[in-house]
Each structure stands twice: as structure tokens, then as C-alpha cells.
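Engineer: Predicted model, plus sequence, below.
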Amino acid sequence: MDDFCTNRHAEIAAKVESVQPLPTRHPDLWFSDGNIALVASGFYFNVHSGFLCRHSAPLAEAISALEADNKQARFVEGSVMLELDDKPKDLFRFILALYDGVSHVKFDHEDFETVSALLRLSTKYCVEHIRRDILRGMSVIWPKTLGGWEFREAEATGPTGVYKPRAIYPHPILVIILAKQINTPDLLPSAFYDLSRCSPSEIATGYLPLGSSDRSDLQFLSDEDLMNALRGREHLSRFLSTFVVNELEGRELSLSCIHRNDPDPFRKRICQATFEATTFEILRDVNGVVFHRNTDPLFAIMDADLMQTRGNPANGGLSLSHRACEACRLEFTAAVDAAREDLWQSLPMWFNVNVDSWL
Ligand SMILES: [Zn+2]
């Protein structure tokens with residue numbers, strides 16, 4: 001059971017002040033047989049109190065308090081008013097989700113405001129089924145498993161191999177801020193990893209939402225999370241360097257290498273030469289530039305393996321006339337898989353995130 005309900009009393013503002021002007025009916029969500037008016041910043045939504053009480057214990061308590069103190073209560077169109085301190089736009093999305101469900105919600109960058117509002121308000125009002133359904137959708141893009149991450153990355157990669165996550169996924173700074181607000185650390189390691197692929201100056205500058213040119217809209221990480229992001233980025237960079245040194249530079253040939261005992265000195269070195277060429281390509285980060293994947297160790301390590309089989313230099317392959325033998329390549333593939341799992345396992349620690357379980 002989540003502990004997201006623990007602060008439920010503190011957040012609800014059920015202020016009833018008799019001198020305020022009456023709010024305006026919200027144009028999009030109003031029921032003629034409603035019996036409670038939820039008021040937010042001058043708008044009200046006429047809805048059904050029994051329905052609200054069924055889904056939200058904090059709202060049920062606030063409604064009971066109103067009924068117990070009905071001398072102070074204000075009415076609009078015959079419905080008692082419950083004032084809340086939410087934005088009308090967010091409250092609209094939340095009430096709509098209560099009545100209609102969340103199957104229409106997408107988890108791309110265009111729907112992020114909706115996702116954010118639903119998570120914040122379902123957490124605040126303890127509506128567990130909405131929170132759970134939205135988090136399930138979020139976990140596809142911000143997964144806990146390396147397999148989930150591969151799937152997410154494939155979805156953001158075009159047919160020519162060019163990777164454009166920002167065209168479909170929300171910016172990780174927004175996700176990190178939201179995950180902290182709703183106390184959901186599970187989303188953080190993958191969001192921090194995504195962010196670590198930006199330059200330190202981009203991470204520190206913050207994110208300006210699409211369509212906005214107003215610098216006051218810039219979204220920043222907290223100082224603590226900025227340090228977590230930069231420190232994790234350093235760990236990742238060091239991990240990649242260590243991988244190159246340990247697994248590529250001067251790599252030992254497989255005991256089953258078919259060239260191992262070749263009397264021809266050139267052929268004897270084919271597998272070594274392949275790994276040396278791979279090292280060179282990784283250090284040049286050539287495919288990072290071609291595929292828009294700079295500073296992405298999970299990609300770079302996998303690419304070290306893939307570039308040996310792609311063949312064509314124009315498609316990110318090695319420009320060698322020979323390839324490592326099957327035995328050497330299989331051993332290298334195993335080392336690549338192990339390194340990537342090791343990296344994934346380390347993300348919570350490197351980014352200073354406490355998660356209950358990490359797969
Ligand atoms: Zn070999």
C-alpha cells in the first residue's frame with residue numbers, strides 16, 4: 001500500500017467566506033443534478049457528492065466538515081460550495097478522469113500536463129486507481145528494467161536509426177520534478193539517465209516548455225537534484241571509460257579464436273585489430289553524432305557490439321576488411337550484455353535515488 005495518503009488533511013482548503021463574489025460555472029463540466037460545487041479560482045464544477053466520497057476519503061472528510069458546519073456554508077445554484085486550492089484546469093482534468101476514466105490519456109510530451117495534473121491530484125485526494133493507472137502508463141516510458149528501456153528507446157528511433165526522444169517523450173527535468181512532488185522514486189533513475197545525455201550546461205540551465213518564450217516558465221531541478229544529475233553523469237562517463245579500457249583496449253583473444261594459432265602474423269591479429277578499431281570508433285563517438293546519441297553509454301556499449309556486424313561504414317559499421325571470429329565476438333557480446341546490466345543496476349546509486357526494488 002502506498003503511503004501517499006499521509007498528508008491528505010493538510011492540502012485541502014475548505015475555506016468558506018461569505019463576502020466573496022459567487023464563482024462562475026465552468027463551461028465544460030457541470031451536471032444539472034449535481035449537489036456539490038467544487039470551486040477553484042473563481043470557477044465551480046457542479047458534481048455529485050456521493051460519487052466524490054466513494055472515490056476520495058479526503059474529499060469525503062471535507063464534505064462532512066461542510067455539512068457539520070452548515071451555518072458557514074455558501075451555495076450556488078442550490079449546491080453547497082467546497083473551495084479547493086487547485087487550478088481550474090487541473091481540477092477539470094481530475095474530475096473528468098474520475099467520471100470517464102483515463103484510457104484516453106497518452107504519455108507523450110503533448111499530454112504531459114494532463115498526466116502531471118492527474119498524478120498530483122490523485123495523490124493529493126488519495127484516488128488510488130487513477131494514480132495507479134497513470135503510473136502504469138508512465139512506467140513504460142520511465143521503466144525499471146533494461147528491457148523496458150530498450151523498448152522505449154526503439155520507439156523513439158526512426159527507420160534511419162536517428163534517435164529523437166524529445167519529439168515524443170516529455171523532458172526528463174519535468175518528470176524528475178513531478179516524481180519528487182508525488183513521491184514516486186521509481187521514475188527517477190531512468191529519467192536521470194535520460195537527462196544525463198544532455199550537456200552539464202543544458203542540465204543546469206533548465207527546461208523551457210515547448211511554445212513558451214517566457215524565461216519565467218523555465219523548469220529547474222532543485223540544487224540537490226542538479227548535483228545528483230551531474231554526479232550520476234560523471235559516474236556514467238567513468239563507467240564507459242572503464243569499459244573501453246577493460247573490454248576493448250588490449251582485449252584478450254578467445255581461447256577458441258580461430259586465428260589464434262595462425263602462422264600468418266596479419267591473420268593472427270584480425271580479432272585484436274577489430275577490437276582496436278572498435279575502440280577508436282567509440283572514442284571518436286562517431287555513431288553518437290550520426291544517430292544523435294552523444295554521451296549515451298548504454299547506446300555506446302551496445303554499439304561497440306553492433307558496429308562489428310553492421311558491415312557498412314555508412315551505416316555505422318567498421319571500415320575493416322575482416323571481422324572478429326565468431327568465438328571472439330560471442331565473448332565480447334556477453335561482456336557487452338553484462339556491462340549494460342551492471343550499468344542499469346547502478347543507476348539508483350549513482351543518481352542517489354532510494355527505490356524499493358530495481359530490476
Ligand atoms: Zn578470434
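Structural biologist: Structure received.
Engineer: Tell me how many other residues surround the closest residue to Glu341 other than its chain neighbours.
Structural biologist: Nearest residue to Glu341 in three dimensions, chain neighbours excluded: Leu146, at 6.2 Å (C-beta to C-beta, 6 or more residues apart in numbering). Any C-beta I mention is one placed from the backbone N, CA and C, and that applies to glycine too. When neighbours are defined as other C-beta atoms under 10 Å, Leu146 has 18 of them.
Engineer: Helix, strand or coil: sort out the nearest residue to Pro170 once chain neighbours are set aside for me.
Structural biologist: In space, Pro170 comes closest to Phe112 once its chain neighbours are excluded; the distance is 4.1 Å by C-beta to C-beta, 6+ apart. Of the three states, Phe112 takes helix under DSSP: H, G, I helix; E, B strand; the rest coil.
Engineer: so what are the domain limits for the protein?
Structural biologist: 8-112+115-128, 237-350 (automatic domain parsing).
Engineer: Which of the ones you listed has the lowest mean pLDDT?
Structural biologist: Here those differ in mean pLDDT, and the lowest is domain 237-350 at a mean of 84.
Engineer: contacting residues for the residue of the chain most remote from its centre?
Structural biologist: In the chain, the residue that sits farthest from the middle, by C-alpha atoms, centre = their mean, is Pro263; the gap is 53.8 Å. Contact analysis of Pro263 by C-beta atoms under 8 Å, 6 or more residues apart in numbering lists nothing.
Engineer: Next: Tyr207.
Structural biologist: Counting by C-beta under 8 Å, 6+ apart, Tyr207 touches His171, Ile173, Leu174, Leu218, Gln219.
Engineer: Which residue comes closest to the fourth one once chain neighbours are left out?
Structural biologist: Right, the one you point to is Leu218. Spatially, and ignoring its direct neighbours in sequence, Leu218 is nearest to Gly206 (4.3 Å; C-beta to C-beta, 6+ apart).
Engineer: thought the one you found was touching Ser216?
Structural biologist: No - Gly206 lies out of contact with Ser216 (C-beta atoms under 8 Å); the separation is 11.2 Å.
Engineer: what about those two, which has more around it?
Structural biologist: Ranked by neighbour count (other C-beta under 10 Å), Gly206 and Ser216 place Gly206 first, with 15 against 6.
Engineer: In contact with that one, which residues are there?
Structural biologist: Contacts of Gly206 by C-beta under 8 Å, 6+ apart are Ile173, Leu218, Gln219, Phe220, Leu221.
Engineer: So which elements touch the host helix or strand of Leu240?
Structural biologist: Per DSSP states H and E, Leu240 falls inside helix 223-243. Applying 3 or more C-beta pairs under 8 Å, 6 or more residues apart in numbering; DSSP states H and E, we find helix 223-243 packed against helix 172-181, helix 188-196, helix 200-205, helix 297-310, helix 326-350.
Engineer: what does the stretch 201-350 of the chain put close to the ion?
Structural biologist: Cys257, Cys271, Cys325, Cys328 (C-beta under 5 Å from the ion).
Engineer: Buried by neighbour count: which residues of the helix or strand where the second one lies qualify?
Structural biologist: Under DSSP H and E, the secondary-structure element containing Cys271 is helix 270-284. Residues Ile270, Cys271, Gln272, Ala273, Thr274, Phe275, Glu276, Ala277, Thr278, Thr279, Glu281, Ile282 are the ones in helix 270-284 that count as buried (16 or more other C-beta atoms under 10 Å).
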